[in-house]
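Novice: Give the three-dimensional model of this entry:
(2 chains)
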Amino acid sequence: MQRLEQYAEQWHQRADRVGASSLAMFDSMQRLLSQSIVVVSLMLRMQWLSKRAVRQVLYRQIYFTGIQNVLWVVLLAVAIGVLIIYNIVVFSRQIGDLSWVSVLIHNVLIQEIAPLIVAMLLLARSGVAIVTEIGYMHVRGEDAFLQTLGVSAEEYLYLPRLIAFALSGVVLTLLFVVIALWLGGVVVVATGKLTLTDYLFLLQQSGSLQVMLVMIAKGALFPVLICMLLLDQACQVGRDPNQLPVRATQGVLAALLVILFLDALWVMGAMLL
Amino acid sequence: MGNGSDVVVNKQRLFWHDMQCLDIDLPGDEISAGKHVRMIMSYRLQYEFLNRCFPRFIATEQKNSFFLQEGEQIFVAGSSEFCLRVGSMVRHRGLMANLTIRDNLLLPFTCVEDQTVLATAEAQVNEVANFLGLGSQLDKQAGERSVYTHALVSLGCCMLKQVKVIVAQEVHVGMPPARLQLFREKFQQVVTDLDAGVLYLTSAVDHALTFDFVHTHEIVDDEGMDVSGLW
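Specialist: Residues are numbered from 1 along each chain as shown, chains lettered A, B, ... in the order given. Here you go, the predicted model:
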């Protein structure tokens, strides 16, 4: 009887933990959603364009998130993108069907790998900086200072970062694709796997507006999601500096899982349609 | 007066009705040009009071809100018109570390759409900084600064905004005696020049700055000392 009670107690505790985690998860989703609605409505109202402070933060964020990441994107495109294209061509030649070159380049490199790699780069490099910077502002009480001045933290702190992430994501993804395709072409032609004419012909075969739109959509959506998740984590730091590394790691991990999960859902959705 | 029913023409006055704050009754009152009020209460009440006075969004609840009357117009707490006309000085919450002192002084103006307000402030910022002794620091990044510098920047913002009402929360606590005296003199001079009214929130009667307070409200908080430091 006593053992039965102990088992029951253990299961009660497990159920409590699951319940508490679920409630915390729904709470954070609700918080994220309401914050997103506020930020999107501020963006659509366009009043931020006439506020110098907001524009200055936006330019600074575009510089740190976009321009400073160009070199890393170029390196990744050279290292990974070129390798992928070379392997696609070699694989297609091995199976004796060169039409797979265009299919794999468009469906794998342009629609999947490029947006994911750029998103992960932004997450690793700029995402951690967001949690640290905004989190430390909360520790110092600067969010309260902005509140007393009537400055909206959503408009001054969050909106510029979201816009910078979206713009940088799209431009850097495009840059990755262009460099990978161009240098990849140089390598396959130089190694005699394909002639230049064949390579260009195969490239344009499966190309379509849909491929470009998917690339742009993922290139914008993934960084925006990353930014929103990390901003939410930064706001949870409160006045405790010990929370900074905790929230940074939790945010990075959560953002990574979310974009991978979302990408998988996207692929499944595309297959069903 | 405590019911906020008097109408004063062509003058600014900040008023609030009797309200409940963290289950404690706070008396309503008003401040206007040259009229200073002191409220002695615990830190947690001070922070909650400030949260009501400067809410994140425009206050919709009439009962626990603050209002600024300017002639016939009434601005509710949380609106941009309210924040631009009410000076705020919160202890050690006077600037942003990653901006320069100049950008900090101009921050209330660079976040509004009206460019003429910004142009006026930019024309006066050097003079204000020199008066406060921050002239040589204007283009340096603020970084981590003392309570004194935070208080000076807050005061500078009030000067640039040309406010008639100032809400101050123990800005001087933590200042060394020599700087405290300097700050008292500057604060007094600014309030006199602006002909402003001060609402001073403090936790002890002997912490008060040298103002002639019309009313002193002492609020008893049964919870005792609070160190939440929410703000």
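Novice: Spell out whether stretch A:113-130 and chain B are in contact.
Specialist: No. Using Cβ under 8 Å from any Cβ of the partner chain, we find that stretch A:113-130 stays clear of chain B, coming within 12.0 Å at best. C-betas here are computed from N, CA, C, even on glycine.
Novice: give the contact list for whatever residue of the stretch 51-200 of chain A ends up closest to chain B.
Specialist: Here the stretch 51-200 of chain A gets closest to chain B at one residue, A:Gly150, 2.4 Å apart by Cβ to the nearest Cβ. Contacts for A:Gly150 (Cβ atoms under 8 Å, 6 or more residues apart in numbering or on different chains) come out as B:Phe54, B:Gly78, B:Ser79, B:Ser80, B:Phe82, B:Cys83, B:Leu84, B:Pro108, B:Cys111.
Novice: go with 10 Å
Specialist: Neighbouring residues of A:Gly150 by Cβ atoms under 10 Å, 6 or more residues apart in numbering or on different chains: B:54-56, B:58, B:77-86, B:88, B:108, B:111-112.
Novice: Among those, name the ones in strands.
Specialist: B:Val86, B:Ser88 (DSSP state E).
Novice: Now intersect the contacts of A:Gly150 with the helices, please.
Specialist: Using DSSP state H to define helices, the subset of those located there is B:Ser80, B:Glu81, B:Phe82, B:Cys83, B:Leu84, B:Arg85, B:Pro108.
Novice: Filter those down to just the buried residues.
Specialist: Neighbour-count burial (16 or more other Cβ atoms under 10 Å in any protein chain shown) is assigned, among these, to B:Ser80, B:Phe82, B:Cys83, B:Leu84, B:Arg85, B:Pro108.
Novice: and those, which two are the farthest apart?
Specialist: Spatially, the most separated pair among those is B:Phe82 and B:Pro108, at 12.0 Å (Cβ to Cβ).
Novice: What about residue 76, how many residues nearby?
Specialist: Went with chain A since none was named. By the measure other Cβ atoms under 10 Å in any protein chain shown, the count of residues near A:Leu76 is 20.
Novice: try again with chain B
Specialist: B:Val76 has 17 neighbours, counted by other Cβ under 10 Å.
Novice: Next, work out how far apart it and chain A are.
Specialist: Distance, B:Val76 to chain A, by Cβ to the nearest Cβ, to the nearest Å: 12 Å.
Novice: in the sheet, who's paired with that residue?
Specialist: Listed by DSSP bridges, the beta-bridge partners for B:Val76 are B:Phe67.
Novice: ok, it touching B:Phe67?
Specialist: Yes. Between B:Val76 and B:Phe67 a contact is recorded at 5.9 Å, counting by Cβ atoms under 10 Å.
Novice: Please tell me how far A:Leu104 sits from A:Phe91.
Specialist: Using Cβ to Cβ, to the nearest Å, A:Leu104 is found at 8 Å from A:Phe91.
Novice: Please see if stretch B:143-163 touches chain A.
Specialist: Yes. Looking at stretch B:143-163 against chain A by Cβ under 10 Å from any Cβ of the partner chain, the contacts come from B:Glu144, B:His150, B:Val153, B:Ser154, B:Cys157, B:Lys161.
Novice: That stretch: how far from the chain's middle?
Specialist: With Cα atoms, centre = their mean, to the nearest Å as the basis, stretch B:143-163 stands 10 Å off its chain's centre.
Novice: what comes up buried for that stretch?
Specialist: With burial defined by 16+ other Cβ under 10 Å, the residues of stretch B:143-163 counted as buried are B:145, B:147-161, B:163.
Novice: Could you do stretch A:223-234 as well?
Specialist: For stretch A:223-234, by 16+ other Cβ under 10 Å, it's A:Pro223, A:Val224, A:Leu225, A:Ile226, A:Cys227, A:Met228, A:Leu229, A:Leu230, A:Leu231, A:Asp232, A:Gln233, A:Ala234.
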